[in-house]
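Student: next come a sequence and a model predicted from it.
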Amino acid sequence: MFEKLKKRWEITSNIQLILILITFSVTGSLSVMVRKPVFEYMSIGPDTNLLIKVFMSILIITPTYQVFLLIVGSLLGQFRFFWKFEKKMLSRFIPKKKEQPLS
């Protein structure tokens with residue numbers, strides 16, 4: 001399983017793989033931890049509509065995850081990997097412009 005990840009991510013070192021997996025773990029935890037104080041600041045509580053909570057969670061967690069991924073990745077010496085990873089991930093959110101044929 002780890003060999004497949006190393007090949008897919010174009011890395012050779014087991015240490016680099018461990019650092020990348022640690023980065024994903026820490027980043028996920030941090031971005032979810034940020035949600036609670038933001039919800040408290042916005043007065044979103046248990047009585048708030050579930051759809052609003054889900055929408056706001058996605059709106060808060062997605063950008064914070066992107067930022068934390070670069071920060072934590074940089075701290076662990078993996079900035080290049082995560083910068084490439086971010087560009088690939090963000091390209092999926094932003095549709096590419098279709099080229100119009102010349103007339």
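Tutor: Good, I have the coordinates. Numbers count the residues shown, from 1 in each chain.

Student: quick one, longest helix in the protein?
Tutor: Using DSSP state H to define each element, the chain has its longest helix at helix 14-41.

Student: whichever helix or strand comes after that helix - contacts with which helices or strands?
Tutor: Per DSSP states H and E, the first helix or strand lying C-terminal to helix 14-41 is helix 50-75. In terms of contacts (3 or more Cβ pairs under 8 Å, 6 or more residues apart in numbering; DSSP states H and E), helix 50-75 is packed against helix 14-41, helix 79-93. For glycine as for every other residue, the C-beta is placed from the backbone atoms N, C-alpha and C.

Student: of those helices, which shows the lowest average pLDDT?
Tutor: When the helices and strands packed on helix 50-75 are compared on mean pLDDT, helix 79-93 scores lowest, with a mean of 87.

Student: and that helix, how far out from the chain's middle?
Tutor: Computed by Cα atoms, centre = their mean, to the nearest Å, the chain-centroid distance of helix 79-93 equals 9 Å.
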